[in-house]
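here you go, sequence then predicted model.
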Amino acid sequence: MPELPEVETIRRDLVKKILNKKIVQVVVYRAKSVAGENTKFVRHLRNNSIIAIERRGKLMVWRLQKKPDLLVHLKMTGQLIYERKIKNRVDIIAGGHKLSEQDIDALPNKFTRVAVVFANGGELFFNDLRVFGYMKLADEKVIQKALAEFGLEPLTKAFTMDYFEELFKRRSRAPVKALLLDQQAIAGLGNIYADEVLFCADVKPSRPASSLSQHERKKIFTCIPKITVEALKHRGTTFRNFLDSSGKKGNYTDFLKVYDRDGEACKRCGTIIKKIRCAGRGTHFCPYCQK
Ligand SMILES: [Zn+2]
């Protein structure tokens, strides 16, 4: 699932391409992806434009010139792909769920749920294999209600050690990993980055939150923004440099220490990384480094 760094990366990329561009055509291929409101959705977006894209946790709010706005969530497998042919080259940005060459080949494809065409010829495709993601019309009341369900963003000043300590008091018996995944506690961390944060802090994911020392809590608190900033710098784990559109290379996958590395050697001590089930998710850790 795309997490904070992946969603923020595509958000920043889209802001540069689609803001204030008039929408001339909208096609809904799958009604479920727009909460069943095909006709209303198409009518509302046509001749409208996106004036801002905000993000909270993994949820995006696309502000439109004519209200209501849009709530956009990529969930498990959502991708946003923008293409614009300029003379003999194609400007492409793509993000969200892990992308392959096929994902951008011959769009729309069988996983395209919504397509939006802009007056400048740019086209935006919302692809979603599992169809859990959505783009739905939402008035301010609905948006505020959705946003109120999130805890603090890890890269804001409000995210303090005091706030973090409070979370531990509330969730004392839960494994520490479950606490990191709780969107009402910390917005935007998911399975990948929770595992990486706990490696960074030398803490075993299955430890009950109440068993951690203040020193360990402090280490986790410091690692959360550290890992998030690093991941953002490398444009998340799913970014691919299609046709060199952004001029940047690689992604954060090369820097992962434990996530998806079970059976491989720990980059720090050489011990084999283990995978267990914790907080309902596949969880990776080094049995030697993480206590
Ligand atoms: Zn290790």
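Alright, I've got the coordinates. Residues are numbered from 1 along each chain as shown.

which stretches of the stretch 1-150 of the chain form strands?
For the stretch 1-150 of the chain, the strands defined by DSSP state E, counting those that start in this stretch occupy 23-28, 50-56, 59-64, 69-73, 78-86, 89-96, 112-118, 123-128, 134-138.

quick check, residue 232 in contact with residue 8.
Yes. At 6.1 Å, residue 232 counts as touching residue 8 under the criterion of C-beta atoms under 8 Å. Yep, even glycine has a C-beta here, placed from its N, CA and C like the rest.

ok, the two, which is more surrounded?
The neighbour comparison of residue 232 against residue 8 (other C-beta atoms under 10 Å) goes to residue 8, with 23 against 17.

got the contact list for the more buried one?
By C-beta atoms under 8 Å, 6 or more residues apart in numbering, the contact list for residue 8 reads 55, 188, 232, 236.

wait, what's in contact with residue 150?
56, 57, 59, 183, 184, 187 are the contacts of residue 150 under C-beta under 8 Å, 6+ apart.

hmm, 10 Å instead?
Residue 150 is in contact with 56, 57, 58, 59, 183, 184, 185, 186, 187, 188, counting by C-beta atoms under 10 Å, 6 or more residues apart in numbering.

how near is it to residue 227?
Here residue 150 is placed at a distance of 19 Å from residue 227 (C-beta to C-beta, to the nearest Å).

do residue 233 as well
11 Å.

mutual contacts of these two, please.
Counting by C-beta under 10 Å, 6+ apart, the residues touching both residue 233 and residue 227 are 5, 252, 255.

give me the mean pLDDT for the longest helix anywhere in the chain.
Criterion DSSP state H: the longest helix present in the chain is helix 214-233. For helix 214-233, the mean pLDDT works out to 97.

show me which residues of that helix are buried.
Going by neighbour count (16 or more other C-beta atoms under 10 Å), the buried part of helix 214-233 is 216, 217, 219, 220, 221, 223, 224, 227, 228, 231, 232.

now do the SS call for the residue nearest to the first one when sequence neighbours are not counted.
By that I understand residue 216. Leaving aside its sequence neighbours, residue 216 sits nearest to residue 203 (C-beta to C-beta, 6 or more residues apart in numbering; 5.4 Å). Classification of residue 203 by DSSP: H, G, I helix; E, B strand; the rest coil places it in coil.

could you do residue 237 as well?
Classified using three-state DSSP, residue 237 is coil.

so it makes contact with residue 195?
No. Judged on C-beta atoms under 10 Å, residue 237 makes no contact with residue 195 at a distance of 11.6 Å.
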